[in-house]
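Peer 1: Have a look; sequence and predicted model below, questions after that.
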Amino acid sequence: MASVAEQFEKLSLDFTQSQTQLQELSAARSQLETQLQENKIVLEEFGDLDESAQIYKLTGPVLMPQDFAEAKLNVTKRIEFIEGEIRRVEEKLEKQQQHMEETRGKLLQTKSQMA
């Protein structure tokens, strides 16, 4: 059976790892939010354009012509995908926060046993 000090060390390490994962998830969510806003701006711009407007897509170092309807559909689908990813990351964030709170409680309990 592990000693109280070993339990505390293990819980402390788990808590630290949880903090790191939480920071990574927060950064990922922030990046997704930025991408979402950028794509919404592009969609707004499409609303200001005439359907006969020439649209270009950057493919590597080359600008390729693209059909207006196809370009608008691609941006709409990208927005839907990003929104789904944001929901997925938010679920992971919530679970990670719950795990951290549980670990924090166990840490405090173990620390009180050490005193």
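Peer 2: The structure has been received and is ready for your questions.

Peer 1: Residue 52 in helix, strand or coil?
Peer 2: coil (DSSP: H, G, I helix; E, B strand; the rest coil).

Peer 1: How about it: what's its closest non-neighbour residue?
Peer 2: With CB to CB, 6 or more residues apart in numbering as the criterion, residue 52 has its nearest non-adjacent residue at 7.5 Å, and that residue is residue 68. C-betas here are computed from N, CA, C, even on glycine.

Peer 1: The one you found touches residue 56, doesn't it?
Peer 2: No - under the contact definition of CB atoms under 8 Å, residue 68 does not touch residue 56, with a separation of 11.0 Å.

Peer 1: With neighbour numbers in mind, choose between those two.
Peer 2: Using other CB atoms under 10 Å, the more surrounded residue of residue 68 and residue 56 is residue 68, with 15 against 11.

Peer 1: Quickly note the distance from that one to residue 51.
Peer 2: Going from residue 68 to residue 51 by CB to CB, to the nearest Å gives 5 Å.

Peer 1: Kindly report the same for residue 81.
Peer 2: 24 Å.

Peer 1: quick one, which of those two is more surrounded?
Peer 2: When residue 81 and residue 51 are compared for neighbours, residue 81 comes out ahead with 14 against 10, by other CB under 10 Å.

Peer 1: Could you list which residues are in contact with residue 34?
Peer 2: Contacts for residue 34 (CB atoms under 8 Å, 6 or more residues apart in numbering) come out as none.

Peer 1: Look up how far residue 4 lies from it.
Peer 2: Separation of residue 34 from residue 4 (CB to CB): 45 Å.

Peer 1: Ok, residue 50 next?
Peer 2: Distance from residue 50 to residue 4, by CB to CB: 73 Å.

Peer 1: Which one's more surrounded, the two?
Peer 2: residue 4 (13 against 6).

Peer 1: which residue packs closest to residue 57, ignoring adjacent ones?
Peer 2: Nearest residue to residue 57 in three dimensions, chain neighbours excluded: residue 66, at 4.5 Å (CB to CB, 6+ apart).

Peer 1: got a list of what that neighbour touches?
Peer 2: Residue 66 neighbours (CB under 8 Å, 6+ apart): 55, 56, 57.
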